[in-house]
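Engineer: Have a look at this prediction, sequence included:
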Amino acid sequence: MAVVLAGLFLFDTLEPALDRWVGQSAVRPDLKQAVERVRTLADLVGHAPPEGRAAVLEMAGRAGWRLDLAARARAADLAAGAPDDGMLDRLGARLLVPDDVLAPVGGWRTFLDGRRVMAVEVDDRTLLIADFASPQMQLREVTGPLPNYLLALVILCLLFAVFSGRVITRPLRRIATAAAEADLSGEAEIFEERGSTEIVTLARALNRMRRRIVTMVESRTRMLRGISHDLRTPLTRIRLRADRVADPDLRAALLSDVRRLEALLDESLAYLRDDHAREAVERTDVASTLQTICSDFADIGHDIRFHGPNRLVARCRPLALGRAVANLCENATRFASRTDLTLTAGDRVFVIEVADNGPGIPEDQRARVLDPFFKLDTARQDGGTGFGLGLAIVAEIVQAHRGSLDLADNTPQGLRVRVTVPVG
């Protein structure tokens, strides 16, 4: 209905301008009007006395008509069409002719000595032949409204093309939105299997692909959990044997290596469990969560300060968000002497910034530090702690919140990590 109304509005707007253009460009004589006038002139000539016929032709000539009287036998010289007529000319001569007017002698499209003429009987022995300057004529009762019909057809085609495009792209946009907001941890199907046959087939294939991905991830996690369980047994035996080593320095080194391996297993499994994706979204006081994290780090002697409102409520995954901020603060306090945690509210988002005065991260390495198990060969690794999973976990948690993570230089030195999360 909206398409039809829009088409009518456009037609009503453009139709007067089209009429003016057609009126200015319509120079061809009208076929029906021409034959009626020639027949009227033939009647005048026929009712005039023989000596007065020349006067009638002279008066018609003053009005722009080129007329001539010829014998009835002259009709045999009339040619139905010109030698250079194309298919459209011959088709128009058959179809675009009046059906309520008697046809002239020889037909509607006749030529004499290469000129477009129209012959009408004056009496049984005489023909009135009208000579036209233009070889082309038109039937205005057909061609007159034709531009309007074409305009209406073009407008409707364009509007239906727009409507069809929207109908086709709407389900594709729905699938794209579902893919962007997909939660692989849920049991429900991500893509709705409704619409046309092609869209249903696409949604069904994407749902099958999603199930295969979930199965693959779960199989990987189960495999790594099994490996972790199998590794813990020999690690326990190594720990027990290390406790019986007489050399205290050697015993300390062995136990340190065992603890580091156990920490690596625990952190790897925590990363692979992907618990943040399974946590429910709920209303949370983000400011209170960040203040608690600052207090925890300050209690163990780190110089960390919170800047922001005392209360900021938003919908998020509180445990996951707290873990992400804690990871950022842990990285900052590990390599810097001063850390600032800032919370600000924006337009439908809130922004968390963790800034430190440490050595920072080179610009060409900032994308790679978000990869799992990647560690810089700079002052940002102390050789005794860290496995390169902290920022990777932060990136996944921010992505699960449909937010953004940016790393930049701090002033005058250090690193500034900005996390932008929709209020949701």
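Structural biologist: Received it, and whenever you're ready, just let me know what you need.
Engineer: Give me the distance between residue 288 and residue 360.
Structural biologist: 30 Å (C-beta to C-beta, to the nearest Å). Backbone N, C-alpha and C define where each C-beta goes, glycine included.
Engineer: mean confidence score for the longest helix along the chain?
Structural biologist: What stands out as the longest helix in the chain, according to DSSP state H, is helix 197-243. The average pLDDT for helix 197-243 rounds to 82.
Engineer: list the helices and strands it packs on?
Structural biologist: In terms of contacts (3 or more C-beta pairs under 8 Å, 6 or more residues apart in numbering; DSSP states H and E), helix 197-243 is packed against helix 146-180, helix 248-273.
Engineer: can you list those in CSV and add distance to residue 224, mean neighbour count and mean pLDDT?
Structural biologist: As requested, those are exported to CSV (distance: least, C-beta to C-beta, whole Å; neighbours: other C-beta atoms under 10 Å; pLDDT from 0 to 100):
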stretch, distance to residue 224, mean neighbour count, mean pLDDT
helix 146-180, 27, 13, 79
helix 248-273, 6, 14, 78
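Engineer: so what pLDDT did the residue of the chain most remote from its centre get?
Structural biologist: Most distant residue from the mean C-alpha position of the chain: residue 51, 81.5 Å away (C-alpha atoms, centre = their mean). The confidence metric pLDDT takes the value 80 at residue 51.
Engineer: And it, how close does it get to residue 57?
Structural biologist: As judged by C-beta to C-beta, residue 51 and residue 57 stand 12 Å apart.
Engineer: Then residue 359?
Structural biologist: Relative to residue 57, and taking C-beta to C-beta, residue 359 is found at 110 Å.
Engineer: okay, those two: which has more neighbours?
Structural biologist: Set side by side, residue 359 and residue 57 show more neighbours around residue 57, with 19 against 15, by other C-beta atoms under 10 Å.
Engineer: any weak-confidence spans in the chain?
Structural biologist: 1-29, 82-97, 99, 133-149, 181-188, 270-278, 377-387, 424 (pLDDT under 70).
Engineer: Do a quick rundown of the strands in it.
Structural biologist: Taking DSSP state E as the test, the strands found in the chain are 66-71, 79-80, 105-112, 115-121, 126-132, 282-285, 304-307, 313-316, 339-345, 349-356, 404-409, 415-422.
Engineer: still on that earlier bit, looking at residue 288 and residue 360, which one has more neighbours?
Structural biologist: Under the neighbour definition other C-beta under 10 Å, residue 288 and residue 360 were set side by side, and residue 360 has more, 21 against 14.
Engineer: In space, what's closest to that one - neighbours in sequence excluded?
Structural biologist: residue 415 (4.7 Å; C-beta to C-beta, 6 or more residues apart in numbering).
Engineer: again, but for residue 251
Structural biologist: The nearest residue in space to residue 251 (C-beta to C-beta, 6+ apart) is residue 245, at 4.2 Å.
Engineer: Dihedrals phi and psi, the one you found?
Structural biologist: phi -70, psi 130 (degrees, to the nearest 10).
Engineer: same check, this time on residue 346
Structural biologist: Residue torsions, per degrees, to the nearest 10, at residue 346 are phi -120, psi -160.
Engineer: got the contact list for the nearest residue to it once chain neighbours are set aside?
Structural biologist: Using C-beta to C-beta, 6+ apart and skipping residues adjacent in sequence, the residue nearest residue 346 is residue 420, 7.6 Å away. Residue 420 makes contact with 346, 349-351, 403-406 under the criterion C-beta atoms under 8 Å, 6 or more residues apart in numbering.
Engineer: Using neighbour counts, trim those residues to the buried set.
Structural biologist: 350-351, 403, 405 (16 or more other C-beta atoms under 10 Å).
Engineer: what's the closest of those to residue 372?
Structural biologist: residue 405 (14.7 Å; C-beta to C-beta).
Engineer: For burial, what's the neighbour tally of residue 36?
Structural biologist: Using other C-beta under 10 Å as the criterion, the residues surrounding residue 36 number 14.
Engineer: Also the one 10 residues further on?
Structural biologist: For residue 46, the number of neighbouring residues by other C-beta under 10 Å comes to 15.
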